[in-house]
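Asker: Kindly generate the corresponding structure for this input.
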Amino acid sequence: MAKPTIPLTVMPGRAADAHVVKAPPVVELGTENDYACGSCGTVLLRANAGQVHNVLFECSRCRALNRADL
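Answerer: Numbering: from 1, shown residues only. Reported below is the predicted structural model:
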């Protein structure tokens with residue numbers, strides 16, 4: 001059975017104190033869900049629910065900033 005792909009929320013900009021991770025390559029922290037860029041659909045993160053907080057992922061493909069507070 002395929003794992004769910006959940007779109008992340010695209011942010012209009014970043015706060016000065018935001019932690020930003022560029023992906024892909026896909027950041028793998030768990031196996032439960034795939035989290036995709038809310039703009040282009042590229043998978044940025046594999047993680048379990050409740051595992052990631054207060055991080056922005058910058059998509060290497062489309063440059064969109066995606067909020068990850070899962």
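Asker: give me the number of residues near residue 68?
Answerer: Residue 68 has 21 neighbouring residues, counting by other CB atoms under 10 Å. Bear in mind the C-beta positions are built from the backbone N, C-alpha and C, glycine included.
Asker: ok, residue 11 touching residue 65?
Answerer: Yes: Residue 11 lies in contact with residue 65 (CB atoms under 8 Å); the separation is 4.5 Å.
Asker: joint contacts of those two?
Answerer: residue 56 (CB atoms under 8 Å, 6 or more residues apart in numbering).
Asker: Those two - which one has more neighbours?
Answerer: residue 65 (20 against 16).
Asker: residue contacts, that one?
Answerer: Counting by CB under 8 Å, 6+ apart, the residues that residue 65 touches are 10, 11, 12, 13, 14, 20, 56, 57, 58, 59.
Asker: Residue 57 too?
Answerer: Residue 57 neighbours (CB under 8 Å, 6+ apart): 8, 20-23, 27, 35, 37, 44-45, 65-66, 68.
Asker: at 10 Å what do you get?
Answerer: Counting by CB atoms under 10 Å, 6 or more residues apart in numbering, residue 57 makes contact with 8, 11, 19-24, 27, 35-38, 42, 44-45, 64-68.
Asker: which of those count as buried?
Answerer: 8, 11, 23, 27, 35-38, 42, 44-45, 64-68 (16 or more other CB atoms under 10 Å).
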